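A.B. asks: Attaching a predicted model along with its sequence, questions to come.
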Amino acid sequence: MSIKTIFNEQEVPESYRVPLKKKYDTYLLNGQIKKWNGKTSEVFSPIYSKDTDGVLKPTLLGTVPLMGEKDAMEALDSANKAFSNGTGSWPTMKVEERIKCVEKFAGLMKLKREEVVNFIMWEIGKTLPDAQKEFDRTVDYIYDTIDELKDLDRNSARVKLHSEVYAQIRRGPLGVVLCLGPYNYPLNETFCLLIPALIMGNTTVFKPAKFGVILITPLLEAFAEAFPKGVVNILFGRGREVATPIVKSGRVEVLALIGNSKSANALQSQHPKQNRLRLVLGLEAKNPAIVLPDTDMDLAVEECVLGSLSYNGQRCTALKMIFVHENIIETFNKKFIERIGQLKYGLPWEEGVKLTPLPEPGKPQYIKELIDDAVSKGAEVINKGGGETNHSFVFPAVLYPVDEKMNVYHEEQFGPVVPILSFKDVQEPIDSIVNSNYGQQVSLFSKNADTLAPLVDSLVNQVCRVNINSQCQRGPDVYPFVGRKDSAVSTLSVRAALRSFSIRTLVACKNNQLNKDILNDILDNNKSNFVSTNYIL
Ligand code: G3H
């Protein structure tokens with residue numbers, strides 16, 4: 001299989017080139033961009049190129065700081081100082097003032113679009129349209145968050161009277177938030193944690209994912225310029241050397257992590273007072289599609305291709321199992337593999353490309369092991385070229401018939417392998433969902449409301465989003481993104497994230513003349529940022 005993962009620098013269109021072998025040696029601590037002189041780690045692209053000896057290798061993009069426990073503690077001290085047990089200027093600042101800082105950040109961030117988009121392509125192999133979408137969606141998310149917070153604040157801008165008790169109820173910050181994002185959405189998913197955490201008055205320590213690291217560097221200055229010192233601290237390094245000591249210290253109130261449950265469990269167990277640690281987690285999923293006999297076949301095939309293979313299947317929301325009714329399995333498989341055969345593979349910036357190199361060095365081998373295991377237990381790779389590998393590139397493998405004995409039935413493949421199962425009775429896929437460790441989403445395909453309605457009713461209590469004739473997905477970001485079982489803790493949406501990163505706090509008093517006079521004095525003379533009926537427009 002000749003797959004193009006190879007280039008000469010000159011072959012890359014000028015506007016998509018990034019510097020190669022560059023030393024990225026800055027980080028953000030206590031409001032200052034600091035220079036790093038310590039150990040570094042190399043960052044490679046999944047795009048291969050020839051080195052000076054003519055040998056094909058992952059392209060070396062550069063080096064980033066490899067920080068350790070001491071640096072992590074400095075960042076944590078800085079975040080703790082900025083929070084100052086809730087008395088710092090950031091947590092007590094008026095909401096309008098915090099909004100101004102976030103608006104300033106968004107404005108500065110927009111100036112870096114091209115640079116960040118290019119690094120998304122080079123570091124994690126995402127296609128140009130998807131990389132652009134990731135950037136734009138993130139900027140939209142920031143502005144939507146601002147609007148939502150204004151709305152939330154307006155709803156809190158009043159003093160209530162109930163059972164002879166006056167109260168003003170607002171949402172307050174929790175403390176220091178440790179933010180860790182995933183490599184597949186290194187900008188979007190990370191910022192969907194970081195921005196709501198910040199805007200609610202928390203202070204943060206943030207470490208980029210294991211891939212998609214350099215793309216954060218063009219934004220360091222924007223963070224430094226837009227936020228007061230210590231509010232955002234950005235570190236580079238390995239999770240166990242940087243994140244573990246932070247959690248272990250007990251001086252962090254929220255662990256916000258999108259990634260896998262092993263890291264989340266290992267980290268949370270380090271906290272000395274676990275009941276004090278709030279968790280905001282997006283973890284693994286194994287979202288199934290159920291294709292019923294009365295389906296619109298072309299639509300189901302199209303959505304299943306998109307759902308299972310967008311960004312090579314490296315989405316937590318990807319369709320990771322496809323259950324097809326036995327009466328239509330032959331037609332479905334034929335059409336499905338035909339469509340996959342038409343997907344164009346290549347480099348991320350090439351026109352019309354859908355399949356791209358995989359950033360995790362061990363992924364091609366892992367995919368091979370899943371395929372070999374399934375084949376040894378009775379499945380076949382039913383599409384031409386399925387599973388063929390060229391360096392970091394793996395052509396999608398469609399496996400059929402898959403069953404419970406195979407590893408691909410249980411494991412979240414997070415890559416280009418699509419297991420298909422046939423069923424006779426719809427109870428079979430339902431049982432599989434009930435017995436699964438995961439509970440994020442499901443996609444149902446049928447033209448018939450009578451078929452769908454009872455299924456919807458039983459599946460809404462198994463997963464958190466039932467998609468009808470549509471692939472599974474997170475967006476639009478105003479909708480709740482959540483999961484049951486081992487798939488998530490806390491809800492994320494533009495609105496829900498503001499709640500996840502805050503706690504309700506109220507100021508209350510019994511209804512008597514003394515208290516009324518005090519309240520009036522505070523309100524009329526703008527004496528408090530919390531007790532206030534000012535209305536943000
Ligand atoms: O990796 C999980 C992402 O949240 C999926 O988002 O459905 O918009 O691709 P998406």
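C.D. replies: Here it is on my side, so go on.
A.B. asks: Just the element for the most centrally placed residue in the chain, please.
C.D. replies: Among the residues of the chain, the one closest to the centroid is Glu189, at 3.0 Å (CA atoms, centre = their mean). Using DSSP states H and E, Glu189 falls within helix 188-199.
A.B. asks: helices or strands next to that helix in the packing?
C.D. replies: Applying 3 or more CB pairs under 8 Å, 6 or more residues apart in numbering; DSSP states H and E, we find helix 188-199 packed against helix 95-110, helix 128-156, strand 176-180, strand 203-207, strand 254-258, helix 494-500. (Glycine included, C-beta is placed from N, CA and C.)
A.B. asks: and if we set it to 6 Å?
C.D. replies: helix 128-156, strand 176-180 (3 or more CB pairs under 6 Å, 6 or more residues apart in numbering; DSSP states H and E).
A.B. asks: Which stretches in the stretch 151-300 of the chain count as strands?
C.D. replies: Using DSSP state E, counting those that start in this stretch, the strands of the stretch 151-300 of the chain run over 160-162, 165-172, 176-180, 203-207, 232-234, 254-258, 278-282, 287-291.
A.B. asks: What are the contacting residues of the fourth one?
C.D. replies: Right, strand 203-207. By CB atoms under 6 Å, 6 or more residues apart in numbering, the surrounding residues in contact with strand 203-207 are 75-76, 79, 82-83, 176-180, 194, 197, 231-235, 242.
A.B. asks: The last one too?
C.D. replies: Contacts to strand 287-291, defined as CB under 6 Å, 6+ apart, come from residues 300, 304, 319-324, 429, 440-445, 472.
A.B. asks: mind listing what that strand pairs with, with the direction of each?
C.D. replies: Applying DSSP bridges, strand 287-291 is found paired with strand 319-325 (parallel), strand 441-445 (parallel).
A.B. asks: what is the orientation angle of the helix holding Glu189 with helix 128-156?
C.D. replies: 20 degrees (axes from the mean of the first three to the mean of the last three CA atoms, to 10 degrees).
A.B. asks: Looking at the helices and strands packed on helix 188-199, which is nearest to the ligand?
C.D. replies: In terms of CB to the nearest ligand atom, the element of those nearest to the ligand is helix 128-156, at 7.9 Å.
A.B. asks: list the contacts for the closest residue to the ligand within the stretch 151-300 of the chain?
C.D. replies: Minimum separation of the stretch 151-300 of the chain from the ligand (CB to the nearest ligand atom) falls at Asn184, amounting to 5.1 Å. With contact taken as CB under 6 Å, 6+ apart, Asn184 is in contact with Gln314.
A.B. asks: where does the stretch 51-200 of the chain have low pLDDT?
C.D. replies: For the stretch 51-200 of the chain, no stretch has pLDDT under 70.
A.B. asks: run the last query once more with 80
C.D. replies: Counting by pLDDT under 80, the stretch 51-200 of the chain shows low-confidence ranges at 51-53.
A.B. asks: Contact distance from the ligand - what residues of it qualify?
C.D. replies: Asn184, Tyr185, Glu189 (CB under 6 Å from any ligand atom).
A.B. asks: Same list (those) but as CSV, adding distance to Ile169.
C.D. replies: Shown next, in CSV, are those (distance: CB to CB, whole Å):
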residue, distance to Ile169
Asn184, 38
Tyr185, 34
Glu189, 30
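A.B. asks: which among those residues gets closest to Ile371?
C.D. replies: Closest approach to Ile371 among those (CB to CB): Asn184, at 21.2 Å.
A.B. asks: Look up how far Glu360 lies from the closest one.
C.D. replies: Going from Asn184 to Glu360 by CB to CB, to the nearest Å gives 10 Å.
A.B. asks: what's the answer for Ala374, then?
C.D. replies: 20 Å.
A.B. asks: More neighbours: these two, which one.
C.D. replies: With neighbours defined as other CB atoms under 10 Å, Ala374 and Glu360 compare such that Ala374 has more, 25 against 18.
A.B. asks: so the more buried one, which of the three states?
C.D. replies: Under DSSP: H, G, I helix; E, B strand; the rest coil, Ala374 falls in the helix class.
A.B. asks: how about it, what does it touch?
C.D. replies: Going by CB under 6 Å, 6+ apart, Ala374 touches Leu399, Met406, Val408.
A.B. asks: Now it: closest residue in space that isn't a chain neighbour?
C.D. replies: In space, and not counting its chain neighbours, Ala374 is closest to Met406: 4.4 Å by CB to CB, 6 or more residues apart in numbering.
A.B. asks: May I ask you to confirm that the one you found is in contact with Ser376?
C.D. replies: No - here Met406 lies out of contact with Ser376, judged by CB atoms under 6 Å, at a distance of 8.8 Å.
A.B. asks: Which one of the two is surrounded by more residues?
C.D. replies: Counted by other CB under 10 Å, Met406 and Ser376 do not tie: Met406 has more neighbours, with 22 against 10.
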